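**Q** Give me the fold of what follows.
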Amino acid sequence: MNSKVTVRNADAGDISALTVLMNELGYQTSVDEMQERFAGIAAHPDYKTIVAVLNNEVVGMAGLVRGIYYEKNGAYLRVVALVVKSSRRDQGIGKLLLDAAEKWAIGQGLNTVLINCGTREERKASHAFYEKMGYTVKSLGFIKKMESQ
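**A** Residues are numbered from 1 along each chain as shown. Here you go, the predicted structure:
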């Protein structure tokens, strides 16, 4: 990386960039949808969205949420979204975002970070990245989509 990447809190001016990143992550999203989502996320005290910026361009983001354990005392950080623009991958940007997320967790008094990552073939590189960053495979998740009433 020739230029310096900075990590900062996302704001409403980042909606278009966040939309592009959600689409790159595999979630078809319109600008209007992202604007609605971000409004709710930004207003919630347990959520934080950070972006990586290179040459005034948002090139990555991480969506973070502070959770409280049911099974034991304490709280944790869950990384619910982490994506780097495909043209900027393998440049250390994901590491910067994850480092910033971990730093925020520590500042919140949290000592555990959880990351969910799909099992689709295109996520294998992400799995390797998380393992390289010191994360281990811990659990299996399930999902069921409910029909609206």
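**Q** which residue sits closest to Thr19, ignoring its sequence neighbours?
**A** Met34 (4.3 Å; Cβ to Cβ, 6 or more residues apart in numbering). Bear in mind the C-beta positions are built from the backbone N, C-alpha and C, glycine included.
**Q** With Ala105 instead?
**A** Closest to Ala105 by Cβ to Cβ, 6+ apart is Leu77, at 3.9 Å.
**Q** Could you do Gly141 as well?
**A** Nearest to Gly141 is Asn116, by Cβ to Cβ, 6+ apart, at 6.0 Å.
**Q** Can you name the residues that contact that neighbour?
**A** 78-80, 141 (Cβ atoms under 8 Å, 6 or more residues apart in numbering).
**Q** Show me which pair in those residues is furthest apart.
**A** Val79 and Gly141 (13.7 Å; Cβ to Cβ).
**Q** Run me through the strand neighbours of the longest strand along the chain, direction for each.
**A** In the chain, with assignment by DSSP state E, the single longest strand is strand 57-68. The pairing partners recorded for strand 57-68 under DSSP bridges are strand 47-54 (antiparallel), strand 75-84 (antiparallel).
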